[in-house]
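1. please work out how this folds:
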Amino acid sequence: MQASPLRGIRVLDFSKVLAGPLCTQYLSDMGAEVVKVEPIGSGDDSRRWPPFPAKPEGDALGTPFLAANRGKRSIAIDLKSVEGQRLCRALAASADVVVESFGPGVAARLAIDHEALKAANPALIHCSISGFGARGPMKNGKGYDVILQAFTGMLSITGEPGGNAVRSPFSPVDQATGMHALIGILAALFERNATGRGKKVEVSLFDTATGFLGYFLQGFWERGTEPEKPGSGHESLCPYEIFQASDKALILGVANDALWRKFCALAGLEAYADDPRYATNASRVANRQATVAIVAEAIGQRPCAEWIERLDAAGIPCSPLNSLGDLSKHPHTEASEMVREYEHPVLGRLKTVSQPIRFDGERMPIRRPAPMLGEHTEQLMAELGLNEDEIRDLEGRNVIRAWRPPAAV
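-> As a prediction, this is how the structure comes out:
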């Protein structure tokens, strides 16, 4: 039986781009019914972010959108209109969870903030996702992943020594904020089982980014100096970075002294295994430049594949520097079932990355493809009790927008 631990939970998703959509996609994966409410004009911004697997007439579908919106129904509503706001409140009246990422004060202006919605639905869990949180001098600041990487000092500890900072390209602050939202929502749902009452859950990119820096900040407070840029290395471990083999690079993870002794025996560096300058991780960190030079000299004597085979056999953590193509075709990726395929009504056969959780050994199913803008507007309006004439009237006055499949040729 396919896992659906959140079967029966209804989620109304006003969020956009990545943090909120990723959270609600995972809620959908777990069995929740998710309705994505989008602006009537062009929908979620990420619909128009390239690259595009295809560009259907009138509705672009960027891969960032496809990656974070499977499993949802889409309704397009003019949120600035009184009638549109009324429809949103009607949808929220039967929801268990509302997720939004509006800027400061926007939800209140639209009359769909926590206070307005809980008046009609006291059991509602309202999750607000913001850039800097609801308090403090930066509460009105714009919250984008790269801005928070810079503001919190994350960028200051990236890149090669003496070089420029390097943005982490997979938007870790956005993605982890989505995970924190997911955790908060699940905890609030658990508490509601006992109390019957809803809860306001707040997460922010600032809190997430600062939380990422826990041991870096701890070190800064105790040491009193900024950490050096580590390149591919680790401030607290050595050797633990990229090394160049005779043909291409690999990464080596000697994370303790037992591994160091194993590596020395394997690499013909026995003289360094018990040398007090290198025998302990702390001494290797203190003598990082010399340690790295010794290891680099040894690694450069053999090709990458030979090193990987020998290191693996010795139980020493290592990896080639794979590309996305390497990952996609690796037999472990296939065995993990982390890459799945599904049929999209416009784009045809697509791949997607699964939620990284199994229940009783099973991956959760793909419940529906990422939606076209307004693909389910008519269906959802009918579920609210509107008849066809009323739906057509709202559509004609641009209160709602409905997508319909192109006519067969």
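
2. so residue 215 is in which element?
-> helix 214-223 (DSSP states H and E).

3. ok, then the element right after that helix?
-> Past helix 214-223, further along toward the C-terminus, the next helix or strand under DSSP H and E is strand 240-244.

4. tell me, what residue is most central in the chain?
-> Geometric centre of the chain, nearest residue: residue 175, 2.4 Å, by Cα atoms, centre = their mean.

5. that residue is in contact with residue 20, isn't it?
-> No - using Cβ atoms under 8 Å, residue 175 is not in contact with residue 20; the gap is 11.2 Å. (Each C-beta comes from the backbone N, C-alpha and C, glycine too.)

6. would you mark the buried spots in the helix ranked longest in the chain?
-> Looking across the chain with DSSP state H, the single longest helix is helix 172-195. For helix 172-195, burial by neighbour count (16 or more other Cβ atoms under 10 Å) applies to 172-178, 180-182, 184-186, 188-189, 192.

7. and it, what's its mean pLDDT?
-> The average of the pLDDT scores along helix 172-195 is 98.

8. packing partners for it?
-> Helices and strands touching helix 172-195, by 3 or more Cβ pairs under 8 Å, 6 or more residues apart in numbering; DSSP states H and E, are helix 19-29, strand 97-100, strand 125-130, helix 145-151, strand 199-204, helix 205-212.

9. what angle separates the first one from strand 199-204?
-> Using axes from the mean of the first three to the mean of the last three Cα atoms, to 10 degrees, the inter-axis angle of helix 19-29 relative to strand 199-204 is 130 degrees.

10. which strands and helices sit next to helix 19-29?
-> Helix 19-29 sits against strand 10-13, strand 33-39, helix 63-68, strand 72-77, strand 97-100, strand 125-130, helix 172-195, with contacts defined as 3+ Cβ pairs under 8 Å, 6+ apart.

11. nearest to residue 327, of the helices and strands packed on helix 172-195?
-> helix 19-29 (19.5 Å; Cβ to Cβ).

12. list the buried residues for that closest one?
-> 19, 20, 21, 22, 23, 24, 25, 26, 27, 28, 29.

13. quick one: contacts for the closest residue in space to the third one that isn't next to it in sequence?
-> What that stands for is residue 21. Taking Cβ to Cβ, 6 or more residues apart in numbering, and ignoring the residues beside it in sequence, residue 21 has residue 68 as its nearest neighbour in space, at 4.0 Å. Applying Cβ atoms under 8 Å, 6 or more residues apart in numbering to residue 68 gives the contacts 18, 21, 22, 25, 46.

14. do you know how far the first one is from residue 250?
-> Spelled out, that is residue 18. Using Cβ to Cβ, to the nearest Å, one obtains 31 Å as the distance from residue 18 to residue 250.

15. quick one, which of those two is more surrounded?
-> The neighbour count for residue 18 versus residue 250, taken as other Cβ atoms under 10 Å, is higher for residue 18 (25 against 20).

16. for that one, give me its contacts.
-> Residue 18 neighbours (Cβ under 8 Å, 6+ apart): 46, 64, 68, 145, 171, 174, 175, 178.
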